[in-house]
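In: For reference, the sequence and a predicted model appear below.
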Amino acid sequence: MRLEDKLKELIVSELQIKNIQPEELDDNTPIFGEGLGLDSLDAVELAAILKKNYHLEIKNRNVAREVFVSVKTIADYIREHQEKSN
């Protein structure tokens with residue numbers, strides 16, 4: 001399974017998004033605002049998802065803003081940090 005597809009499943013299930021299926025999400029759909037419409041509380045939960053599933057901690061608010069743009073940007077961040085740790 002592609003990392004992006006796994007992330008979509010995690011986002012939809014863990015954040016309990018009811019009106020969309022993971023396969024309906026585009027990799028580049030904005031996560032906040034007019035995309036999925038997530039809010040700052042969802043950002044905290046999203047950070048917890050990354051910590052739990054990928055052992056990545058995002059503590060810096062500015063980094064979070066850059067990473068939590070779309071599923072693609074999250075996947076790119078995970079790949080980048082997994083490569084660094086290998």
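Out: Perfect, I can see it now. Numbering: from 1, shown residues only.

In: got any ranges where this structure has weak pLDDT?
Out: Across the chain, residues meeting the criterion (pLDDT under 70) sit at 85-86.

In: The same query, at a cut-off of 80, please.
Out: By pLDDT under 80, the low-scoring segments of the chain are 83-86.

In: now the helices: where do they sit in it?
Out: All helices of the chain, identified by DSSP state H, fall at 3-14, 40-54, 61-67, 71-85.

In: Including distance to Pro22, could those go into CSV?
Out: Just so you know, the C-beta spots here come from the backbone N, C-alpha and C atoms, and that holds for glycine as well. CSV is the format used below for the helices of the chain (distance: least, CB to CB, whole Å):
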stretch, distance to Pro22
helix 3-14, 4
helix 40-54, 13
helix 61-67, 19
helix 71-85, 9
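
In: How about the backbone phi and psi for Glu57?
Out: Glu57 adopts backbone torsions of phi -110, psi 130, taken as degrees, to the nearest 10.

In: cool, and the one 3 residues further on?
Out: Per-residue torsions, Asn60: phi -90, psi 120 (degrees, to the nearest 10).

In: list the contacts for it?
Out: By CB atoms under 8 Å, 6 or more residues apart in numbering, the contact list for Asn60 is empty.

In: any idea how far Glu66 is from it?
Out: 9 Å (CB to CB, to the nearest Å).

In: next one: Asp42
Out: Distance of Asp42 to Glu66, given as CB to CB: 17 Å.

In: which of the helices of the chain sits most buried?
Out: Mean neighbour count, computed with mean count of other CB atoms under 10 Å, is highest for helix 3-14 among these, reaching a mean of 18.

In: who does that helix touch, helix- and strand-wise?
Out: Contacts defined by 3 or more CB pairs under 8 Å, 6 or more residues apart in numbering; DSSP states H and E place helix 3-14 against helix 40-54, helix 71-85.

In: Could you rerun that using 6 Å?
Out: The elements that helix 3-14 packs onto, with contact taken as 3 or more CB pairs under 6 Å, 6 or more residues apart in numbering; DSSP states H and E, are helix 71-85.

In: Taking helix 3-14 as reference, get the angle to the helix it packs on.
Out: 110 degrees (axes from the mean of the first three to the mean of the last three CA atoms, to 10 degrees).
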